[in-house]
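In: Make a model of this:
(chains A and B)
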Amino acid sequence: MTRFETSILATPETISALTDKVMTYLEEQGVEGRTTHHVGLVLDEVLTNLATHGNCSDRPAKIAVSVEPDKVVGEVIDTGPPFDPRLAPDPSLDIAAADRPVGGLGLYLVRKLSSALEYTRRNNENCTTFAIARGE
Amino acid sequence: MEIHDERIGNTCVVTAKGRLDGGASATFTDRIGGLIGSPKPKLLIDFSGIDFVTSAGLRAVLVLVKKVNSAGGSFALCGVQDSVREVLDITGFTSMISIHAARADAIAALAG
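Out: Model (predicted):
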C-alpha cells in the first residue's frame, strides 16, 4: 500500500491544484484511468463543499489517499461544523433544463461514485472517508 | 482552461481544453456566455479536450444551456470523453442536452 498525504486551505484554486497532484500520483502508482478520475472528482467535490460551507478558510484540511490492491481510499479531515455527506438530499434529475436548479450535484456524485462512504465526528473534526473500487 | 471559438455556418463552435472545475467554471461561463448574442443562437461546445468536469463545471454548462434556451436557441456538446460522459449520465445531463460523438454530426443537427 502506498499513501499520499498533504494539507490545504480549501479554495477553488488550491483544490484544483491538489486534485491534479493526486491524479498524477495515482497514475504514477499504476492506478487505472477511470479509478483515478473518480478519486480526483470525489476529492474535489468533498473539498469544494468544505470551501463553500465549511467556514474554515483559515484552518487547513488534512487529506490522505491510499492505494490498495482492490480500491483507492481517500480521507478528508476538517474543522468545519459537523456535516455528514451521506445525509445530504438527492437532487431531482428528471426535470428540464429551464426548471433545473443550479446546484446540489456535488455530494450526489460523491455518493454515486464511491463504493464506500463513511463519516465520523471526533475531536471537533469531521472525518470523511471514501473508497473508489479499482478496475477498468 | 483554453477556450477557442469559431463560426461554422450559423453555429458558434467552441473548443475547450483542460479541467472544467471550480477554478475554471467562472471563466468558462463568462467567456462562452459572451458569445451567445444573436436571436436563436446555435452553440456547440467541443468537449474532446475536457478530461475532468466537476459539479461546478456542470453548473457552468447548465447556466449556458439556460441562456441559449431562453434566447430560443439550441445547444449541443460533442466529443465527450468516457469519464466525463459517465458524470453526465449520473447527473441526468445526458437526457437534458443534445450530445453527439462527432463534431460534424453535431453541426448538422444544430443547422437542421
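In: Are we agreed that residue B:108 is in a helix?
Out: Yes. Assessed with DSSP: H, G, I helix; E, B strand; the rest coil, residue B:108 lies in a helix.
In: Quick one: neighbours of it, just the number.
Out: Other residues near residue B:108 come to 13 when the count uses other C-beta atoms under 10 Å in any protein chain shown. In short, each C-beta sits where N, CA and C put it, glycine included.
In: do the same with residue A:102
Out: When neighbours are counted by other C-beta under 10 Å, residue A:102 comes out with 12.
In: leaving aside the residues next to it on the chain, what's closest to it?
Out: Leaving aside its sequence neighbours, residue A:102 sits nearest to residue B:59 (C-beta to C-beta, 6 or more residues apart in numbering or on different chains; 5.0 Å).
In: neighbours of that neighbour, just the number please.
Out: The burial count for residue B:59: 19, using other C-beta under 10 Å.
In: Please save the CA atoms from the one helix or strand it maps to in CSV.
Out: Assigned by DSSP states H and E, residue B:59 belongs to helix B:55-70. The C-alpha trace of helix B:55-70 is given here as CSV (Å, rounded to 0.1, in the frame of the first residue of the first chain):
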residue,chain,number,x,y,z
SER,B,55,-20.3,19.8,-10.2
ALA,B,56,-19.1,23.4,-10.6
GLY,B,57,-18.4,22.6,-14.2
LEU,B,58,-21.8,21.1,-14.6
ARG,B,59,-23.3,24.2,-13.2
ALA,B,60,-21.4,26.3,-15.7
VAL,B,61,-22.8,24.1,-18.5
LEU,B,62,-26.3,24.4,-17.2
VAL,B,63,-26.0,28.2,-17.0
LEU,B,64,-25.1,28.3,-20.7
VAL,B,65,-27.9,25.8,-21.6
LYS,B,66,-30.4,28.0,-19.9
LYS,B,67,-29.1,31.2,-21.5
VAL,B,68,-29.3,29.6,-25.0
ASN,B,69,-32.7,28.1,-24.4
SER,B,70,-34.1,31.4,-23.1
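In: And it, what's buried?
Out: Buried positions in helix B:55-70, judged by neighbour count with 16 or more other C-beta atoms under 10 Å in any protein chain shown: B:55-69.
In: same thing with stretch A:33-48?
Out: A:34-48.
In: Strands of the chain, start to end?
Out: Chain wasn't specified; assuming chain A. For chain A, the strands defined by DSSP state E occupy A:2-8, A:61-67, A:71-78, A:116-122, A:125-133.
In: Chain B was what I was after
Out: Under DSSP E, chain B gives strands at B:2-8, B:11-20, B:42-53, B:74-78, B:98-100.
In: on that earlier part again, any chance of the strands of chain A in CSV, plus mean neighbour count and distance to residue A:86?
Out: Below are the strands of chain A laid out as CSV (neighbours: other C-beta atoms under 10 Å in any protein chain shown; distance: least, C-beta to C-beta, whole Å):
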stretch, mean neighbour count, distance to residue A:86
strand A:2-8, 14, 23
strand A:61-67, 20, 18
strand A:71-78, 21, 14
strand A:116-122, 13, 6
strand A:125-133, 20, 9
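In: any chance of the strands of chain B in JSON lines, with mean pLDDT, mean neighbour count and distance to chain A too?
Out: Output for these, formatted as JSON lines (pLDDT from 0 to 100; neighbours: other C-beta atoms under 10 Å in any protein chain shown; distance: least, C-beta to the nearest C-beta, whole Å):
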{"stretch": "strand B:2-8", "mean pLDDT": "96", "mean neighbour count": "12", "distance to chain A": "15"}
{"stretch": "strand B:11-20", "mean pLDDT": "97", "mean neighbour count": "20", "distance to chain A": "7"}
{"stretch": "strand B:42-53", "mean pLDDT": "97", "mean neighbour count": "22", "distance to chain A": "7"}
{"stretch": "strand B:74-78", "mean pLDDT": "97", "mean neighbour count": "22", "distance to chain A": "9"}
{"stretch": "strand B:98-100", "mean pLDDT": "97", "mean neighbour count": "17", "distance to chain A": "11"}
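In: All set now, cheers.
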